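[1] Fold the stuff below for me.
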Amino acid sequence: MTRRWRHAALVLIALATCACTENGYPTPSSEQAEDAASLWRVALIAAAVVGGVTMGLIIYSVIRFRRRDDRLPDQRNSHFTLEVVCTAIPIAIVAGLFAYTVNVERKVTALSDDPDVVVDVVGYQWGWTFTYPAAGVTSVPGEDYEPAVLAVPVGATVRFNLRSPDVIHSFWVPEFLEKRDVIPGIDNAIDVTVNRAGTWTGRCAEFCGLDHWRMNFEVQALAPDDFDAWLAQQPPTDGEPSA
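    Numbers count the residues shown, from 1 in each chain. Prediction:
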């Protein structure tokens with residue numbers, strides 16, 4: 001095997017190895033996250049196909065049309081069929097990805113008319129509070145920067161009403177594969193349907209001041225009975241949460 005072919009083989013092995021690595025995102029933990037992950041996979045497959053075809057054409061051109069003698073190559077300045085194909089295919093790929101993205105975005109941002117659980121989320125400098133209006137309880141940060149706990153029942157649609165009394169924050173749970181800005185004066189909301197039990201760390205994904213690093217919270221996805229027991233242990237809501 002010549003050096004050229006050894007180098008080509010090494011490149012192909014490296015590409016194959018990269019394709020077999022982890023997805024690059026946390027394991028989806030909600031129905032909305034599954035939709036977002038499907039968009040990632042479709043885009044990755046499309047990119048891999050386009051990259052593979054492009055690489056194949058480059059290798060074919062290098063081998064098939066390499067210089068063999070002093071004759072000039074074909075001097076035509078256009079190739080109508082090839083130009084149409086090379087224009088139509090990228091447009092079709094972009095249009096398909098756009099349509100799929102719009103469909104996923106519609107699913108991820110959809111709000112239920114009747115969510116099973118409503119949580120009022122307040123992000124402030126520098127912490128989070130989670131109020132469950134129906135149960136009349138609030139989860140707040142503990143002492144020594146202990147993060148507040150956000151509990152959600154598995155299999156239920158949970159509405160998060162997001163609000164900030166001071167500066168812009170960002171509500172982010174990596175396992176949900178989405179985030180939402182929490183902006184003063186603007187009411188924002190998302191629905192999440194968690195599909196597996198677990199404990200994860202939520203964060204503020206927007207730099208919001210000196211102690212931004214403190215703005216973590218703990219997400220506990222519980223079975224419905226465990227969620228009801230957790231609610232029963234929480235202190236009652238007492239006015240508006242504040243910094």
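
[2] Lowest mean pLDDT among the helices and strands, pick that one out for this structure.
    Every helix and strand of the chain was ranked by mean pLDDT, DSSP states H and E. The lowest is helix 3-19, at a mean of 59.

[3] same for the very next helix or strand once past it, what does it pack against?
    Next along the chain after helix 3-19, taking DSSP states H and E as the criterion, comes helix 31-64. In terms of contacts (3 or more CB pairs under 8 Å, 6 or more residues apart in numbering; DSSP states H and E), helix 31-64 is packed against helix 80-109, strand 178-182, strand 188-193. Using the backbone N, CA and C atoms, a C-beta is placed for each residue, glycine as well.

[4] so which of the ones you listed comes closest to R159?
    Nearest to R159 among the helices and strands packed on helix 31-64 is strand 188-193 (5.5 Å), distances taken as CB to CB.

[5] angle of the closest one against helix 31-64?
    Angle, strand 188-193 to helix 31-64, by axes from the mean of the first three to the mean of the last three CA atoms, to 10 degrees: 90 degrees.

[6] neighbouring strands for strand 188-193, and are they parallel or not?
    Under the criterion DSSP bridges, strand 188-193 sits next to strand 157-163 (antiparallel) in its sheet.

[7] Tell me what angle the helix or strand following the strand it pairs with forms with strand 178-182.
    For strand 157-163, the following helix or strand on the C-terminal side (DSSP H and E) is strand 169-173. Put simply, strand 169-173 runs at 160 degrees to strand 178-182, going by the same axes, to 10 degrees.

[8] Give me the distance from strand 169-173 to the chain's centre.
    12 Å (CA atoms, centre = their mean, to the nearest Å).

[9] With stretch 59-67 instead?
    On the basis of CA atoms, centre = their mean, stretch 59-67 is displaced by 41 Å from the centre of the chain it belongs to.

[10] that older thread, which among the helices and strands packed on helix 31-64 is found nearest to P141?
    With respect to P141, and counting by CB to CB, the nearest of the helices and strands packed on helix 31-64 is strand 178-182 at 15.8 Å.

[11] related to what we said a few turns ago, show me the one of the helices and strands packed on helix 31-64 that comes nearest I58.
    Nearest of the helices and strands packed on helix 31-64 to I58, taken as CB to CB: helix 80-109 at 13.9 Å.

[12] Run through the neighbouring helices and strands of that closest one.
    Using 3+ CB pairs under 8 Å, 6+ apart: helix 80-109 touches helix 31-64.

[13] Next one: S29 relative to E175, how far apart?
    4 Å (CB to CB, to the nearest Å).

[14] Run through the chain and note the low-pLDDT ranges.
    1-23, 238-243 (pLDDT under 70).

[15] and the residue nearest the centre of it, how far is that from P141?
    Centroid-nearest residue in the chain, with CA atoms, centre = their mean: L177, separated by 3.2 Å. L177 sits 25 Å away from P141, taking CB to CB as the criterion.

[16] just R41 next, same as before
    Computed with CB to CB, the distance linking R41 and P141 is 37 Å.
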